[in-house]
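Undergrad: fold the following.
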Amino acid sequence: QVFHDVKFMDLSVADHLYCWRIGGTYAHHGVLVEKGEAPDTSFVAEFGPPRDSVAHEWDSRYASIQRVTLVDFMDGSALKRVVYGRRLVEKVLKRSGSMHLANPDPPDVVVKRALSVINGEEEWGQYHLLKNNCEHFAIWCKTGQLHSNQVPFGLAKGVDTVVEALDAVKLKLEPFIPKSDSDTRGFTALGPSTV
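TA: Here you go, the predicted structure:
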C-alpha cells in the first residue's frame with residue numbers, strides 16, 4: 001500500500017484518517033467514530049475549528065475536539081488511512097504522518113478514547129502546532145501515545161529551549177550589532193574590528 005488511499009466501502013470504525021491540505025503542505029488527521037450508510041452519515045472525531053464558524057483551520061484559538069461528518073472532514077480532499085504496526089524501514093521511506101510503528105489498540109478502545117474527549121469526560125489541551133495538534137489526538141486515540149509524526153523528533157519538546165537559546169545568543173551579540181545603517185564603525189562581516 002504505497003499511497004494509503006481508502007474508499008468509503010473499505011473504511012472501518014476506529015480508522016485513523018487523514019487528508020492533505022493546501023496543496024499537500026500538511027495533513028489533517030481524525031478518527032472514524034461512526035460509519036453510516038454514506039460519507040454524510042459517517043462521523044469523524046477531529047481537532048479543528050468549529051465547522052459552523054468562519055475560523056480558519058490555522059486559527060488555533062477556536063480549535064477543539066469535535067464530531068464532524070466524513071464529508072466535512074474531507075473538505076473536498078482525497079481520503080487516506082494511516083497504517084499502523086509497520087517496520088522502521090517502511091516508516092523511513094514514507095512521508096511523515098502516513099504510518100506508525102506501534103500496533104493500534106482494539107477499535108472499541110480507540111472510539112471510547114475519542115468520544116471521551118468529545119463528551120467532556122476527558123480533558124484535552126489547547127491546540128499547539130508542535131505540541132498538541134490533530135495528529136497528536138488521532139495517534140492518542142489509536143495507541144494511547146501522545147506524539148506527532150509530522151513534527152520532527154525532538155522539535156516539539158525542544159521548541160521552548162531553542163527559543164530561550166536564541167534569545168541568549170541575541171543578548172550576547174547585541175554589543176556587536178549596529179544600531180543604524182550609519183553606525184557601522186568598527187563592525188565588519190566577521191564582527192568587531194580590532195583596529
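Undergrad: what segments of the protein are strands?
TA: According to DSSP state E, the chain carries its strands in the segments 16-21, 26-34, 43-48, 64-69, 80-81, 83-84, 99-100, 187-188, 191-192.
Undergrad: strands paired with the second one, and their directions?
TA: Spelled out, it's strand 26-34. Based on DSSP bridges, the pairing partners of strand 26-34 within the sheet are strand 16-21 (antiparallel), strand 43-48 (antiparallel).
Undergrad: specify the angle between that strand and strand 64-69 in degrees.
TA: On the basis of axes from the mean of the first three to the mean of the last three Cα atoms, to 10 degrees, strand 26-34 is oriented at 70 degrees to strand 64-69.
Undergrad: check the first one too.
TA: Following the same axes, to 10 degrees, one obtains 90 degrees for the angle between strand 16-21 and strand 64-69.
Undergrad: hmm, who's touching strand 16-21?
TA: 6, 11, 26-32, 44, 57, 73-75, 77-82, 84, 97-98, 100, 104, 135, 138-139, 141-142 (Cβ atoms under 8 Å, 6 or more residues apart in numbering). Placement of C-beta: from N, CA and C, glycine included.
Undergrad: before we move on, back to that, let's have the strands of the chain in JSON lines, adding distance to Lys131, mean neighbour count and mean pLDDT.
TA: Output for the strands of the chain, formatted as JSON lines (distance: least, Cβ to Cβ, whole Å; neighbours: other Cβ atoms under 10 Å; pLDDT from 0 to 100):
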{"stretch": "strand 16-21", "distance to Lys131": "19", "mean neighbour count": "20", "mean pLDDT": "92"}
{"stretch": "strand 26-34", "distance to Lys131": "15", "mean neighbour count": "24", "mean pLDDT": "94"}
{"stretch": "strand 43-48", "distance to Lys131": "12", "mean neighbour count": "25", "mean pLDDT": "95"}
{"stretch": "strand 64-69", "distance to Lys131": "15", "mean neighbour count": "18", "mean pLDDT": "95"}
{"stretch": "strand 80-81", "distance to Lys131": "24", "mean neighbour count": "20", "mean pLDDT": "93"}
{"stretch": "strand 83-84", "distance to Lys131": "22", "mean neighbour count": "16", "mean pLDDT": "86"}
{"stretch": "strand 99-100", "distance to Lys131": "18", "mean neighbour count": "22", "mean pLDDT": "66"}
{"stretch": "strand 187-188", "distance to Lys131": "39", "mean neighbour count": "12", "mean pLDDT": "43"}
{"stretch": "strand 191-192", "distance to Lys131": "36", "mean neighbour count": "10", "mean pLDDT": "45"}
